[in-house]
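Novice: let's see this in three dimensions:
(one chain, ligands or ions: 1)
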Amino acid sequence: MSKRIGILTGGGDAPGLNAVIRAIVKYGVGQKGWSVFGIEEAYNGLFKPTKRTWELTPDNIGGLLTKGGTILGTTNKGNPFEPDENGEIPAPKIAQSVADMQLDGLISIGGDGSQTIAHRLMTEYGVPIVGVPKTIDNDLFHTDYTFGFWSAVDVATDALDRLHTTAESHDRVMVLEVMGRTAGWIALYAGLSGGADCILIPEIPYDPSAVIHKIMERRGAGKHFTLVIVAEGAISQEEASETLPLTGTSNKFVSGKASHKLADHIGDHLDVECRVTVLGHLQRGGSPVAFDRFLATRFGVHAVDLVENEQWGEMVVLQNNQMTSISLSEVAGTPREIPLDHELIQTARKAGVSLGD
Ligand code: F6P
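Specialist: Got it, this is the predicted structure:
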């Protein structure tokens, strides 16, 4: 039966968002003959007069597989269950727009914040929604990977490769800061892929003297340069004992703080040149790598299948490399941190990497 659906992207962008949109349009419109509408800037397109919705067809999605960002726009601000600048709660207006547009439902592509909102819109306002998980941080439960993660890992690995040659030429310690406020997946994967000597992640508060020890150990072995990768949320053991870790999109968060603090410590304690690179949003921009295009396409197609089967309230996930889905009610409001007994943590230790503890 023909359907009318809306697609939106919410939260921070990630390479592969456009590839999901493309897959939904190619399958939903191209194969099934449905009508698919893009909604601008997350849910804002359904209630803000300055934002719009428009029909997506195979003709206006050309080139999307490789295009970074999201053609729909996104935001990681605002919650439609909280009063807007006019003191009004947007959620009922969203439900009304869905009804006015005669949509059968929505596909929400976003992180756990977006999926938690999707679940509330369904349960409290009856808006039928299927979720697609996204984040470069890979910190969502129930899915092996989120798309965007491998693109970020690739950027960070490339950065380590480049830092490697210049570090070696100058006998320097290079500190690379990558994203990950509460979970260190990017740091761990890129650190292993790019041969970092120290990998510091939020899950393991570090002892700065362990990093110094690693640098000295390498010197003793005739290696006069060291590569350190630091997740932006990594903290020292001293900080861990005195403060609560920063979470989510807290305004108190300062990009670059973790890496500069560590570099200052190294510079104060060793006669060595230390340089910092903060990779920042380079990790979120640009074309998705092959795996993210592939995963985004599988997610988009599976989301259409869920809509077809009226499996509203489900979110597509990858489990043991199989496409399946879980209930939006199971999407935790907390990030998936790296378990301390994770195989990759053991692998890093066995490969002689210091985790700062
Ligand atoms: O959730 C993805 C993420 O990229 C985090 O790793 C990062 O700290 C944050 O978003 C940055 O968000 P913003 O776009 O607000 O700078």
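Novice: and stretch 3-15, is it in reach of the ligand?
Specialist: Yes - shown here: stretch 3-15 in contact with the ligand (CB under 6 Å from any ligand atom) through residue 12. The C-beta positions use only the backbone N, C-alpha and C, and glycine is treated the same way.
Novice: report the mean confidence score over that stretch.
Specialist: For stretch 3-15, mean pLDDT rounds to 97.
Novice: got it, and stretch 235-251?
Specialist: Rounded mean pLDDT across stretch 235-251 is 72.
Novice: and for stretch 83-101?
Specialist: 96.
Novice: and that stretch, what's buried?
Specialist: 90-91, 93-95, 97-98 (16 or more other CB atoms under 10 Å).
Novice: could you identify the most distant pair in the residues you listed?
Specialist: 90 and 98 (12.4 Å; CB to CB).
Novice: could you pull out the strands for this structure?
Specialist: Taking DSSP state E, the strands of the chain run over residues 4-9, 35-39, 53-56, 105-110, 129-133, 172-178, 198-200, 226-231, 273-278, 314-319, 322-327.
Novice: in TSV, list those along with distance to residue 139 and mean neighbour count.
Specialist: Formatted as TSV, the strands of the chain follow (distance: least, CB to CB, whole Å; neighbours: other CB atoms under 10 Å):
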stretch	distance to residue 139	mean neighbour count
strand 4-9	18	25
strand 35-39	25	23
strand 53-56	29	16
strand 105-110	13	27
strand 129-133	10	29
strand 172-178	13	26
strand 198-200	16	29
strand 226-231	11	29
strand 273-278	20	18
strand 314-319	14	22
strand 322-327	16	15
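Novice: does the ligand have contacts with stretch 319-337?
Specialist: No - using CB under 6 Å from any ligand atom, we find that stretch 319-337 stays clear of the ligand, coming within 8.8 Å at best.
Novice: show the average pLDDT along that stretch.
Specialist: Stretch 319-337 comes out at a mean pLDDT of 93.
Novice: and that stretch, end to end?
Specialist: 17 Å (CA to CA, to the nearest Å).
Novice: what sits up against it?
Specialist: 112, 115-116, 118-119, 122-123, 129, 131, 133, 137-144, 182-184, 202-203, 247, 298-299, 302, 306, 311, 313-318 (CB atoms under 8 Å, 6 or more residues apart in numbering).
Novice: among those residues, which ones are buried?
Specialist: Counted by 16+ other CB under 10 Å, the contacts of stretch 319-337 give 112, 115-116, 118-119, 122, 129, 131, 133, 137-140, 142-143, 182-184, 202-203, 298-299, 302, 306, 313-318 as buried.
Novice: residues of this protein that sit close to the ligand?
Specialist: Residues of the chain lying close to the ligand (CB under 6 Å from any ligand atom) are 12, 76, 135-137, 179-181, 232, 249, 284.
Novice: so among those, which ones count as buried?
Specialist: Buried among those by 16+ other CB under 10 Å: 12, 135-137, 179-181, 232, 284.
Novice: which among the residues you listed gets closest to residue 191?
Specialist: residue 180 (11.1 Å).
Novice: show me the contacts for the closest residue to that closest one other than its chain neighbours.
Specialist: In space, and not counting its chain neighbours, residue 180 is closest to residue 231: 3.8 Å by CB to CB, 6 or more residues apart in numbering. The contact partners of residue 231, by CB under 8 Å, 6+ apart, come to 177-181, 183-184, 186-187, 200-202, 258.
Novice: so which pair among those residues is furthest apart in space?
Specialist: 177 and 183 (14.8 Å).
Novice: point me to the residue of the chain nearest the ligand.
Specialist: residue 179 (3.3 Å; CB to the nearest ligand atom).
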